[in-house]
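J.: Let's see this in three dimensions:
(one chain, ligands or ions: 1)
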Amino acid sequence: MRVMLLGAPGSGKGTQAAVLKGLYGIPHISTGDILRAELARGTELGKKAGSYMNGGGLVPDDVILELIETRLGEPDARRGWLLDGFPRTLVQAHGLVELTDRIGQAVDAGLILHVDPEVVVQRLSGRRGCGKCQKVTNVAEAVSGACPNCGGPLVLREDDRPEVVRTRIQVFEQQTRPVFELFRGRYALYDIDASKTPEQVTEAIRKALGKHE
Ligand code: AMP
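T.: Predicted coordinates for the structure are as follows:
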């Protein structure tokens, strides 16, 4: 199964991807995760990407398209994939269509996670990542102020600071939303209400993807 998880920052793409990856046995390909790993390793790509990411802007399309082409060429991607956070611009969307045609890996479905901007700001201001095991959690769940999974230190993502979140929402509205309209006539797209609980959202996604299993 080849699926795109589309939606605003904070709509729960990463949370759902972690569950769906296990359910369908396909790799979770998050451009944001790949870029953060490069940034943490201090590579040239990471340094270049970091300057865009920390301000809430998008990393240039050519960098992203190259990264995706490399990743979809890896052996585990033959089983299928779950794209998270890509494509985010019309150029990337056209690039994905061209790439999937060329390598013969057609997209089966796209899931659009819908959530109000106020909910996004609220969710992201409370989101924390564990500095040790990388688990993403919310301050409300971490009663002791430490990671509920391993007790490690919780850190606020640089781009989850409120002023950066506002920029990310604007970028989403201007650059990413047009991708949905482009894809509506091309792929099976499913509108999912992502303001519900994670379990309810997973259920709605499973129902939509049932037609593609
Ligand atoms: P995410 O974890 O998906 O929210 O991505 C974090 C940041 O990484 C974004 O705000 C962008 O700066 C960058 N990024 C991730 N995916 C893309 C993409 N497809 N195109 C451009 N920039 C991206």
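J.: what's the spacing between the closest residue to the ligand within the chain and residue 85?
T.: Per C-beta to the nearest ligand atom, residue 32 is where the chain lies closest to the ligand, at 2.1 Å. Where you see a C-beta, it was placed from the backbone N, CA and C, and this is true even at glycine. For residue 32, the distance to residue 85 equals 5 Å [C-beta to C-beta, to the nearest Å].
J.: With neighbour numbers in mind, choose between these two.
T.: Each of residue 32 and residue 85 has its neighbours counted (other C-beta atoms under 10 Å); residue 85 has more, 22 against 19.
J.: how about the more buried one, phi and psi?
T.: The phi/psi pair for residue 85 (degrees, to the nearest 10) reads phi 80, psi 10.
J.: My guess is it contacts residue 35. True?
T.: No: the criterion here is C-beta atoms under 8 Å, and residue 85 misses it with residue 35 at 9.2 Å.
J.: For the residue in the chain sticking out farthest from the centre, give me phi and psi.
T.: Computed with C-alpha atoms, centre = their mean, the residue of the chain farthest from its C-alpha average is residue 144, at 28.1 Å. Residue 144 adopts backbone torsions of phi -80, psi 0, taken as degrees, to the nearest 10.
J.: Next, please give the residue ranges for the helices of the protein.
T.: Ranges of helices in the chain, per DSSP state H, are 13-24, 31-41, 44-53, 61-72, 90-103, 117-126, 162-171, 177-184, 198-209.
J.: and these, which one's lowest on average pLDDT?
T.: Ranked by mean pLDDT, the helices of the chain bottom out at helix 117-126, which scores a mean of 87.
J.: Remind me what that helix packs against, helices and strands.
T.: For helix 117-126, the elements it packs on are helix 162-171, judged by 3 or more C-beta pairs under 8 Å, 6 or more residues apart in numbering; DSSP states H and E.
J.: Please state the offset of the helix it packs on from the chain centre?
T.: How far helix 162-171 lies from its chain's middle: 16 Å, per C-alpha atoms, centre = their mean, to the nearest Å.
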